[in-house]
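J.: From the sequence below, what's the structure:
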Amino acid sequence: MVLPAIADPSSSPPPALPEAGAEPDQYRGAVLVLLAAAALGSIVSLVAGFMLANPVLLGAAVTLLIASGVLSGVAMTRAGRTSHAPAPLPTSESPQTFREQQIVEAVEALSPESPPVAPSPADFRAKATARLGKIAAQVREGVAHLRSLDDKDVRLAIGTAGAISIVLLRLLDVTLQPLDAMVATVAAAACIAAAGLAATAVRYLSDIELARFPESLPLARGGRIVAWVAMLAAASIGLQWADWPTSVRGLWAIVTAVNIMLCYGLFVLQRREDEPDTVFPLDIGALSVLGARANIVGSVLDAAERQLGIDLRSTWALTVVRHSVEPLVIGLCLIGWLSTSLTIVGVQEQGLVEQFGVPVGGEPLAPGLHVHWPWPVDQVFRIPVQRVQALTVGHEGQEEAGPEDVLWARQHAANEYTLLLGNGRDLITVDAAVQFRIVDARAWQYHSQNPGDALRAVAYRAVMRTTVNRTLADALSENVVATTGRMRAMVQRDADALGLGVQVLGFTVGGMHPPVMVAADYQAVVSAELRKVTAVVDAEAVRNRTVPYAQSAALVGSNAAIAEGAQALARAAGEAWSFLALQSQYGAAPDEYFFRRRLETLETGLLSRRFTILDYRFQRDGGELWVTP
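T.: Prediction:
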């Protein structure tokens, strides 16, 4: 049996769908492109912010996240507004479902008695079309579900995501570090390029008629805000490269304030009564205040005029300021330049004056206010001569906050140095600090180009001199007080030789231990040595307990053998003398000897026994003896 003919969707076009009267959305693609750019920019800003430790970039990532959410809401609203409503098919189903129904009817048309027929390529295409139709239907259902969401829910979701991101970023402890010049240049150029793209998007959105794209005006305002945030991010990278952390944190506060305003506007936004449901509401106060014009100051003035109802640009005060702005700027610059001729030297400091780069002789400036020629004629360097300062020896970088970790098997700083000891086989790590005070400000400033580095080098030299001829065991077992005193004297002597003008107050050693990288191996070796010592001590204890006992037992046995030998000899001698005495008695009177021995034998054998003695004369004299059992 042959399957009934089925229209092949790949060879014949599907039934024509009548349009619902809505024209195609020519700006939907632009919204999707902006959405993709904002999402990608948010991810890139987040990654770059963590890599460069720049909080302003992290704030820009939050701004782009909010922009991505808003563009998503606009895209869904426009998709729902411009979607085509298909005309009902003869089966009151979608075209794809109608094709599936054709396939099912064709399969049911097969007779049960018919022999199996090998499927044709058209059957495979029909089944694949049916499977793809099911997948497409599921995708359409998901999109329809997203479209069914209320715009208020979308705004609340965007605002909540932005608020959570702001809180998480504020909880992060971002440690600002100076950037390399090349890295800072590339990052700043990327931020400026992002600002240029945002400005291009603003120009494109500003040229669109509101009747065709009602959300174009607020989106253009948001693009201006994104451009300004990108410029602030570029400025923060330059400030971070210049090592001005306070200014960077100030820019971070500004970006955070902008993000808070945007989130607050999304939370409190209400749809106007005259605004149709087919428009995603974006009447956010932050967009009107900050993004109405390319000049953010002019945008703020426009917002103030709308709120107050007064044209601030036409007031007499602004007119006076506008005419006097140049003299005012010049005067402020002159005052700022003249202020460089005033220097306040702190209580713990002394001031050194240089005139055109040449040190001025005389005594250093005492604490207080001093007047001198303004910059660049005179320049004053303030030296903290009364403050006790400290230099770390053995590692670089800041240790973690909180109580000090005294376990040597854990890393104390970012970079710990390892010293080679004198035997050439052992390594040691020293965690020390040098406390010093500047006693000669002029010597500290001019006798060495980098006095701090020179003092640190002197301290390292003292440590190496102290440990160079020792093994690890000797270095760890040496008296710490004597060692630190000797190293402090070395540092003071070398510092005086270099003319650094410092007084070394102390040299403290927080720890001398093997390198952290070999902590497990070193602990295993120490444990093995301790086990060896323990085994030796236990063996000596057993020997001290066993040997005396064995010696005592041997002495007791020897004395007992000697005593037993003496007793045996005495007994043998006695027996010999007794035998000789008996021999002499036998020789003197043999009959008496035998008689006495017979009596002694009877006495020994009959001792403690009952017996009756019968004289032989008893029977001779006629007596009778009856023995009964």
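J.: those strands in this protein, which residues are they?
T.: Applying DSSP state E to the chain gives strands spanning 342-345, 349-355, 358-359, 368-371, 378-384, 389-393, 395-396, 415-416, 419-420, 427-438, 502-513.
J.: Switch those strands over to TSV; also include distance to T175.
T.: Placement of C-beta: from N, CA and C, glycine included. Shown next, in TSV, are the strands of the chain (distance: least, C-beta to C-beta, whole Å):
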stretch	distance to T175
strand 342-345	30
strand 349-355	28
strand 358-359	37
strand 368-371	36
strand 378-384	25
strand 389-393	18
strand 395-396	15
strand 415-416	15
strand 419-420	29
strand 427-438	21
strand 502-513	23
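J.: Take the ones you listed and write them to JSON lines, including distance to R221 and mean pLDDT.
T.: Shown next, in JSON lines, are these (distance: least, C-beta to C-beta, whole Å; pLDDT from 0 to 100):
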{"stretch": "strand 342-345", "distance to R221": "45", "mean pLDDT": "85"}
{"stretch": "strand 349-355", "distance to R221": "51", "mean pLDDT": "86"}
{"stretch": "strand 358-359", "distance to R221": "56", "mean pLDDT": "85"}
{"stretch": "strand 368-371", "distance to R221": "50", "mean pLDDT": "86"}
{"stretch": "strand 378-384", "distance to R221": "47", "mean pLDDT": "86"}
{"stretch": "strand 389-393", "distance to R221": "52", "mean pLDDT": "80"}
{"stretch": "strand 395-396", "distance to R221": "48", "mean pLDDT": "59"}
{"stretch": "strand 415-416", "distance to R221": "49", "mean pLDDT": "53"}
{"stretch": "strand 419-420", "distance to R221": "63", "mean pLDDT": "50"}
{"stretch": "strand 427-438", "distance to R221": "56", "mean pLDDT": "77"}
{"stretch": "strand 502-513", "distance to R221": "58", "mean pLDDT": "75"}
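J.: burial measure for G605, as a count.
T.: When counting by other C-beta atoms under 10 Å, one arrives at 9 neighbours for G605.
J.: related to what we said a few turns ago, let's have the strands of the chain in JSON lines, adding mean neighbour count.
T.: Below are the strands of the chain laid out as JSON lines (neighbours: other C-beta atoms under 10 Å):
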{"stretch": "strand 342-345", "mean neighbour count": "15"}
{"stretch": "strand 349-355", "mean neighbour count": "18"}
{"stretch": "strand 358-359", "mean neighbour count": "10"}
{"stretch": "strand 368-371", "mean neighbour count": "11"}
{"stretch": "strand 378-384", "mean neighbour count": "18"}
{"stretch": "strand 389-393", "mean neighbour count": "17"}
{"stretch": "strand 395-396", "mean neighbour count": "14"}
{"stretch": "strand 415-416", "mean neighbour count": "13"}
{"stretch": "strand 419-420", "mean neighbour count": "16"}
{"stretch": "strand 427-438", "mean neighbour count": "20"}
{"stretch": "strand 502-513", "mean neighbour count": "18"}
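J.: who wins for proximity to A482 among these?
T.: Of all the strands of the chain, strand 502-513 sits nearest to A482, with 11.3 Å by C-beta to C-beta.
J.: Contact partners for L217?
T.: Contacts for L217 were tallied using C-beta atoms under 8 Å, 6 or more residues apart in numbering; they are L205, S206, L210.
J.: for G485, same thing?
T.: Residues in contact with G485 (C-beta under 8 Å, 6+ apart) are F507.
J.: gap between it and E540?
T.: 39 Å (C-beta to C-beta, to the nearest Å).
J.: now do L65
T.: 74 Å.
J.: out of the two, which sits in the busier spot?
T.: More crowded of L65 and E540, by other C-beta under 10 Å: L65, with 22 against 10.
J.: Spatially nearest residue to the more buried one (excluding sequence neighbours)?
T.: Excluding the flanking residues, the one nearest L65 by C-beta to C-beta, 6 or more residues apart in numbering is S42, at 4.7 Å.
J.: isn't A220 right next to T200, touching?
T.: No: taking contacts as C-beta atoms under 8 Å, A220 lies outside contact range of T200: 11.2 Å.
J.: Neighbour count for those two, which is higher?
T.: It is A220, of A220 and T200, that has more neighbours when counted by other C-beta under 10 Å, with 20 against 12.
J.: Could you measure from the closest residue to the more buried one other than its chain neighbours over to A568?
T.: Excluding the flanking residues, the one nearest A220 by C-beta to C-beta, 6+ apart is L205, at 4.0 Å. Taking C-beta to C-beta as the measure, L205 falls 131 Å from A568.
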